[in-house]
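Chemist: With the sequence up front, the predicted model follows.
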Amino acid sequence: MNEIWNHITLEEFEKMKALLDDEKRTPEDRMVALAALVQGVSEEEILNMPLAEAQKAFALARGLDSPPKASRIRKTYEVEGWKLKITEEMNVAQWVDFQNYAREGLERHHADLLSVALVPEGKQYNEGYDMAKLKEDLKKMPVSDALAVCFFFQRRWLRSMRRILNYLLGWIVLKGWSWTPQKERVRALRREVSAMLRSL
């Protein structure tokens, strides 16, 4: 893995992603903005640097060309003073929140998903701690750790969806219903979920 990613937080990663997706900016503008983010300075400072010095900043930003790789999943994480543990078994509130984030698109809800997956040690989900503060602090988590947890729970969600679809198909067959179009749609969905699982 490129070493630069070890020093990038989830919040910085999301800003970088937004910059790269911004089609209004020219490639040069995006490079200046990325270099500023990596260096922790303003875009104005990058623009006012001597070219030789700016080239070093651009080289660091080009190091971000390869996407970050998720680190190995751990049972506990420490982030901004929080001691967090991976949720082994969700309660209903966690499951509902997770389903809502998944439905809206997990890529837009990294900190939200992390707040479902990581609970402060000795606490129940969303009880006895400030959830909004936790979500804000989770943005300071190294992106490689954050992605590891997000991928772990995304795989868990997809496996859950596959089980539900298998159950639904079995139920349709058991009832003897001749829902051929519905059966085919469920089978197609099951194939899509299986393909998504293989891609992770």
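Modeler: Perfect, thanks for sending it. Nothing here was measured: the structure is a model prediction, and the numbers come from that model.

Chemist: And the lengthiest helix in the chain, how far out from the chain middle?
Modeler: The single longest helix within the chain, with elements called by DSSP state H, is helix 143-175. Remark: helix 143-175 is offset 16 Å from the chain centroid, using CA atoms, centre = their mean, to the nearest Å.

Chemist: Just the buried positions in that helix, please.
Modeler: 143-150, 153-154, 157-158, 160-162, 165, 169, 172 (16 or more other CB atoms under 10 Å). For every residue, glycine as well, the C-beta is placed using N, CA and C.

Chemist: What mean pLDDT does it get?
Modeler: On average, the pLDDT along helix 143-175 is 77.

Chemist: cool, stretch 14-29 as well?
Modeler: 85.

Chemist: Between the two ends of that stretch, how far is it?
Modeler: 17 Å (CA to CA, to the nearest Å).

Chemist: quick one: contacts of it?
Modeler: Contacts with stretch 14-29, where a contact means CB atoms under 8 Å, 6 or more residues apart in numbering, come from 8, 30, 33-34, 37, 64, 110, 139.

Chemist: Could you dump those into TSV with distance to Glu121, neighbour count and secondary structure added?
Modeler: What follows is these, written out as TSV (distance: CB to CB, whole Å; neighbours: other CB atoms under 10 Å; DSSP: H, G, I helix; E, B strand; the rest coil):
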residue	distance to Glu121	neighbour count	secondary structure
Ile8	26	20	coil
Arg30	40	17	helix
Ala33	38	21	helix
Leu34	36	22	helix
Leu37	32	19	helix
Leu64	33	19	helix
His110	21	24	helix
Lys139	20	18	coil
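
Chemist: just the residues you listed: which has the poorest pLDDT?
Modeler: Confidence-wise, Leu64 trails the rest of the contacts of stretch 14-29, at 67.

Chemist: need the strands for this structure, in chain order.
Modeler: 76-79, 82-86, 118-120 (DSSP state E).

Chemist: This protein - how does it break down into domains?
Modeler: The chain breaks down into these domains under automatic domain parsing: 3-65, 76-199.

Chemist: what's the spacing between the shortest one and its chain's center?
Modeler: Relative to the centre of its chain, domain 3-65 is centred 21 Å away, using CA atoms, centre = their mean.
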